[in-house]
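Trainee: no sequence for this one, just the structure:
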């Protein structure tokens, strides 16, 4: 297994897998809390147009994807804020436009084979200069989470309360969408655009089966992310499988294990179930005795 | 400090999808005053307090927070807002303490970690609502009444001068209503202004300095709390006639 470290492309891919495993679930925790689980998917579709444009104009696909997906994420956020009902359809149009545009542009350029690599990931495609860009982007993502985490937490809990606390709600909404877009670009080479958002969502879904708090969920999700990204990548090297699906299926397996484990943990803890409507005083007292 | 009151609305109008939810409301809430906003469902109670905070834009008239229109108001640490319900469940879990600590955000710098003053304020808020022993539990697993207390603690953690609560007693059992009354009584005695939306006052009634009754987006009563039997919910028709006459 360790012989894969002899290959430079594998060392590069493993470092980028660690960065993906850390950043995607960290951003994903806010995305899930904000009920925007499909945001990453949408951005992934749009990023493909950026890759197509970059291939056509001969610039770096990574930077093309970055520019177009950040703009796309901002557009999604603006559409979401503007219209409550029409936003849904507007988003769908943006997704399909991005995917169709990307496929068309990459075909025009004659890059039918590289399309497959961008959609589902490819280990050997990550170059050293890509890794530097990915590392810089990961630093940006961590910076956002560390600096704005408290504000983003309140924003994702309740937008009105965030506004009444004087937070710059519009700026923060765009910030989290743009950060999600950056994460998509970080992960796109190894995992592929169609599966990128799985690594933003699935580790968080796994973590919240066994955690009680937000910070704990984020940290456990980052652990799950790194574990599935590194193991999935190693497995895909060993058995010659596409890395994206390997990583995502591993994350899903961890999720299933967490669902089973979580129900056991919850039964042990015997936390009282939430009482719909309202508890009678005696039920509350009993719950407190059991819970405390 | 300037003598401007926490909230002052003059001729406030709000329009939702072509329907007027507020039709010319004049309301002043003085420092340290405890004002209850009463009315039937759809009378515009929630719209009124959300407009006071600038969360819904006015289509006419003006409103000020400590003498400044909401769009230009910057001193948000003086304001605490408790929304109608905890929009929880389904999302990522958060502990009671995490939710309450997020109420400090208006007093914190982006560039510094939480200080000991922050932690002390969160502890005090948790104690005030009697949830110190639940601090490490998931907030969304608590009962409805306890979740309401979590939201109140979040507002308290910011140590506001004025507190706005939207239906804090809705769906809350008698024991939790009494606990809530005790917390709000303490706040009021500390000289903080309280604006509270309610369907009926129940154990909160002795705390109220002034009651404002809304009907179809207009204030139809502003003064002493109407007798319990008059509350719109208990006797809608009777109450309507009585309050119009008064």
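Mentor: Ah, there it is. Just so you know, these numbers come straight off a predicted model, no measurement behind them.

Trainee: going forward, measure contacts and count neighbours with C-alpha atoms only.
Mentor: Fine.

Trainee: Extract the residue ranges of chain B that are flagged as low pLDDT.
Mentor: Counting by pLDDT under 70, the ranges of chain B that qualify are B:1-2, B:86-90, B:227-246.

Trainee: Find the closest residue to chain A in chain B.
Mentor: Here the residue of chain B nearest chain A is residue B:94; by Cα to the nearest Cα that distance is 4.0 Å.

Trainee: wouldn't that residue be in contact with residue B:142 here?
Mentor: No. With contact defined as Cα atoms under 8 Å, residue B:94 does not reach residue B:142; the gap is 11.5 Å.

Trainee: between the two, which one's more packed in?
Mentor: Comparing residue B:94 with residue B:142 by neighbour count (other Cα atoms under 10 Å in any protein chain shown), the higher total belongs to residue B:94, at 28 against 23.

Trainee: Once you drop chain neighbours, what's closest to the more buried one?
Mentor: Nearest in space to residue B:94, with sequence neighbours left out and distances taken as Cα to Cα, 6 or more residues apart in numbering or on different chains, is residue A:213 at 4.0 Å.

Trainee: mind listing what the residue nearest in space to the middle of chain B touches?
Mentor: The centroid of chain B falls nearest to residue B:165 when counting by Cα atoms, centre = their mean (1.4 Å). For residue B:165, the residues meeting the contact criterion (Cα atoms under 8 Å, 6 or more residues apart in numbering or on different chains) are B:81, B:82, B:83, B:84, B:194, B:195, B:196, B:197.

Trainee: The same query, at a cut-off of 6 Å, please.
Mentor: Neighbouring residues of residue B:165 by Cα atoms under 6 Å, 6 or more residues apart in numbering or on different chains: B:82, B:196.

Trainee: Quick check: longest helix in chain B by residues?
Mentor: helix B:174-189 (DSSP state H).

Trainee: what about it, distance to the chain center?
Mentor: Going by Cα atoms, centre = their mean, to the nearest Å, the spacing between the C-alpha centre of helix B:174-189 and its chain's C-alpha centre is 13 Å.

Trainee: does residue A:265 belong to a helix or a strand, and which?
Mentor: For residue A:265, the enclosing helix or strand under DSSP states H and E is helix A:243-269.

Trainee: Give me the helices and strands touching that helix, please.
Mentor: On a contact count with 3 or more Cα pairs under 6 Å, 6 or more residues apart in numbering or on different chains; DSSP states H and E, helix A:243-269 meets helix A:214-239.

Trainee: The residue of chain B closest to chain A contacts residue A:215, doesn't it?
Mentor: No. Assessed by Cα atoms under 6 Å, residue B:94 is found out of contact with residue A:215, at 7.8 Å.

Trainee: Quickly list what's touching both of these two.
Mentor: In contact with both residue B:94 and residue A:215: no residue, using Cα under 6 Å, 6+ apart.

Trainee: how many neighbours does residue A:241 have?
Mentor: Number of residues near residue A:241 (other Cα under 10 Å) recorded here: 16.

Trainee: again, but for residue B:175
Mentor: Residue B:175 has 14 neighbouring residues, counting by other Cα under 10 Å.

Trainee: ditto for residue B:124
Mentor: The criterion is other Cα under 10 Å. On that basis, residue B:124 has 17 neighbouring residues.

Trainee: Helix, strand or coil: sort out it for me.
Mentor: Under DSSP: H, G, I helix; E, B strand; the rest coil, residue B:124 falls in the helix class.

Trainee: cool, and residue B:212?
Mentor: Taking three-state DSSP as the rule, one finds residue B:212 in the strand state.
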